[in-house]
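Asker: 3D, please:
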Amino acid sequence: MLDALVIGAGPAGLMAAEELAKAGRRVLVVDAKPSPARKFLMAGKSGLNLTKDQVFAPFVAHYGAAPLAPMLRDFGPSQVMDWCRGLGQEVFTGTTGRVFPRAMKASPLLRAWLTRLGAAGVELRTRWRWTGFVDGGLGFDTPEGPQVLMPQVTVLALGGASWARLGSDGAWAAWMGPQVAVAPFGPANMGFSVAWSAHMSPFFGQPVKGAALCVGRRRELGEFVISARGLEGGGIYSVSREMREGAALTLDFLPDMTDRKLAERLDKMKPGETFANRLRKLGLSPAALALALEFGRGLPVVQAAKALPVRHQGPRPLDEAISVSGGISFAAMTPDLELTRLPGVFACGEMLDWQAPTGGYLLTGCLATGLWAGRAAAADESRGQ
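Answerer: A predicted model of the protein is given here:
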């Protein structure tokens, strides 16, 4: 009988495999795609944000009510940085506290990790697509035809339901059956659709920098991008959860300018200045000015510059989202991430019902839950080697 099986070769699955191997388990990792960690590699193309160098209390607060605190205490920002250095990849911390490998990309880190896993005896098989529970085991479509495996312990690390082309399509949710509660998937860290007027097309692809994004009582400084589809980018993602839940978004293009200073600047302008010229003279960039003209016609200049209401048509589709909400309910699991009604089966990563913003929180959460599930599966003496 197979000793330990990990389904999914992303960061969470590879971390679980490493913990199992450290404990002396004979580990097989299978993945549906032709090569491992495709979403991880894609995320690293523009600079792999590993974690956020932040003290524990504010760091863990970004995960909301999800019970990840023990896991993040065990493998939080400092441990992520040490782990990266242990793979020969030095890290640096940017001005916002975001942590990156010196190489910036994910590929050198992944190569070093796979080499270390191979040396530990971890076997990797690609193009193995899980098809659900079959005859007391786990069924797979493989290049050699259908296969059924019956491992001692299993760790599921199949991702959420975004970026299907990279392997996370959420198909596994249908195979959990009534014994495992799975909250419906929704987009997280996503852009929002906007039905632009024709005058906006010259600004597609342009960033808006230095603005404050305000939803309810939250106020986040960030950069975002005007796209043909709407608004996207880190600043939008940081407030996307509140926006998805119905909170209105307003933009402050002059977050460092006090109301008094703004009034003084406006008083010095000629009485006949147009709305657009007044905003331009206040220092709005061309992209920010275009947004103010799109959403702010008829508003006072002060509101257009400091509290511009954004009209949108809701979140972009699920498969465009950076991550998802929903997944396996923590109520269906033990504190060790074992599925209560499927003994010997553990789950980790984006399969679980948690969400966090971009900026290193997502990857750290995947690594931390993968380590936790792998360690618990390795210690499951009732299903030993």
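
Asker: In contact with Arg219, which residues are there?
Answerer: Applying CB atoms under 8 Å, 6 or more residues apart in numbering to Arg219 gives the contacts Ala212, Leu213, Asp252. C-betas here are computed from N, CA, C, even on glycine.

Asker: hey, C-alpha coordinates of whichever strand or helix holds the first one in PDB?
Answerer: Under the criterion DSSP states H and E, the helix or strand holding Ala212 is strand 207-215. This file holds the C-alpha atoms of strand 207-215, laid out as PDB (Å, rounded to 0.1, in the frame of the first residue of the first chain):
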ATOM      1  CA  PRO A 207      -1.600  53.200 -13.600                       C
ATOM      2  CA  VAL A 208      -3.000  55.500 -11.000                       C
ATOM      3  CA  LYS A 209      -0.400  56.100  -8.300                       C
ATOM      4  CA  GLY A 210      -0.500  57.600  -4.800                       C
ATOM      5  CA  ALA A 211      -4.200  57.600  -4.300                       C
ATOM      6  CA  ALA A 212      -6.100  56.500  -1.200                       C
ATOM      7  CA  LEU A 213      -8.900  54.000  -1.700                       C
ATOM      8  CA  CYS A 214     -11.700  54.400   0.800                       C
ATOM      9  CA  VAL A 215     -14.300  51.800   1.600                       C
END
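
Asker: Please name every helix or strand in contact with it.
Answerer: strand 218-226, helix 234-238, strand 249-252, helix 286-296 (3 or more CB pairs under 8 Å, 6 or more residues apart in numbering; DSSP states H and E).

Asker: Can you tell me which of these is packed in deepest?
Answerer: Comparing these by mean neighbour count (mean count of other CB atoms under 10 Å), helix 234-238 ranks first with a mean of 23.

Asker: Now that helix: average pLDDT?
Answerer: In this model, helix 234-238 carries a mean pLDDT of 93.

Asker: packing partners for whichever helix or strand comes after it?
Answerer: Where DSSP H and E defines the elements, the next helix or strand beyond helix 234-238 is helix 240-244. For helix 240-244, the packing partners by 3+ CB pairs under 8 Å, 6+ apart come out as strand 182-188.

Asker: Any chance of JSON lines for the contacts of Arg219, columns pLDDT and distance to Met269?
Answerer: Formatted as JSON lines, the contacts of Arg219 follow (pLDDT from 0 to 100; distance: CB to CB, whole Å):
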{"residue": "Ala212", "pLDDT": "97", "distance to Met269": "23"}
{"residue": "Leu213", "pLDDT": "98", "distance to Met269": "27"}
{"residue": "Asp252", "pLDDT": "98", "distance to Met269": "20"}
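
Asker: if we can go back for a sec, next, the buried residues of the strand holding Ala212.
Answerer: Buried residues in strand 207-215, counted by 16 or more other CB atoms under 10 Å: Pro207, Val208, Gly210, Ala211, Ala212, Leu213, Cys214, Val215.

Asker: Is it possible to get JSON lines of those that adds distance to Tyr63?
Answerer: Shown next, in JSON lines, are the buried residues of strand 207-215 (distance: CB to CB, whole Å):
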{"residue": "Pro207", "distance to Tyr63": "28"}
{"residue": "Val208", "distance to Tyr63": "28"}
{"residue": "Gly210", "distance to Tyr63": "28"}
{"residue": "Ala211", "distance to Tyr63": "26"}
{"residue": "Ala212", "distance to Tyr63": "24"}
{"residue": "Leu213", "distance to Tyr63": "20"}
{"residue": "Cys214", "distance to Tyr63": "22"}
{"residue": "Val215", "distance to Tyr63": "19"}
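
Asker: of the contacts of Arg219, closest to Ala69?
Answerer: Leu213 (27.2 Å; CB to CB).

Asker: ok, that closest one to Leu262 distance?
Answerer: Separation of Leu213 from Leu262 (CB to CB, to the nearest Å): 19 Å.

Asker: Report the rounded mean pLDDT for stretch 184-203.
Answerer: The model assigns stretch 184-203 a mean pLDDT of 96.

Asker: In its sheet, which strands sit next to the strand holding Ala212, and in what direction?
Answerer: Strand pairing for strand 207-215, determined by DSSP bridges: strand 218-226 (antiparallel), strand 249-252 (antiparallel).

Asker: centre of the chain versus it, how much separation?
Answerer: 20 Å (CA atoms, centre = their mean, to the nearest Å).

Asker: Other residues contacting that strand?
Answerer: Residues outside strand 207-215 that contact it (CB under 8 Å, 6+ apart) are 219-226, 233, 235-236, 238-239, 242-243, 247-253, 255, 285, 287-288, 291, 307.

Asker: now it against helix 286-296, angle please.
Answerer: Orientation check (axes from the mean of the first three to the mean of the last three CA atoms, to 10 degrees): strand 207-215 against helix 286-296 gives 40 degrees.

Asker: tell me the domain ranges of this protein?
Answerer: Domain segmentation of the chain under automatic domain parsing yields 4-187+320-383, 192-309.

Asker: tell me the most buried of the ones you listed?
Answerer: Buried most deeply of the domains of the chain, by mean count of other CB under 10 Å, is domain 4-187+320-383, with a mean of 19.

Asker: And the helix ranked longest in the chain, what does it pack against?
Answerer: In the chain, assigned by DSSP state H, the helix with the most residues is helix 361-378. Applying 3+ CB pairs under 8 Å, 6+ apart, we find helix 361-378 packed against strand 4-7, helix 11-22, strand 51-52, helix 69-74, helix 77-86, strand 153-156, strand 345-347.

Asker: tell me the average confidence for the longest one?
Answerer: In this case it means helix 11-22. 98.

Asker: ditto for the shortest one
Answerer: Strand 51-52 comes out with an average pLDDT of 96.

Asker: what lines up beside that strand in the sheet?
Answerer: Strand 51-52 has these strand partners (DSSP bridges): strand 98-101 (antiparallel).

Asker: From the rest of the structure, what touches stretch 166-180?
Answerer: Residues outside stretch 166-180 that contact it (CB under 8 Å, 6+ apart): 8, 10, 31-33, 38-39, 42, 130-133, 156, 158-162, 164, 182, 185, 324, 327-328, 332, 339, 341-342, 350-351.
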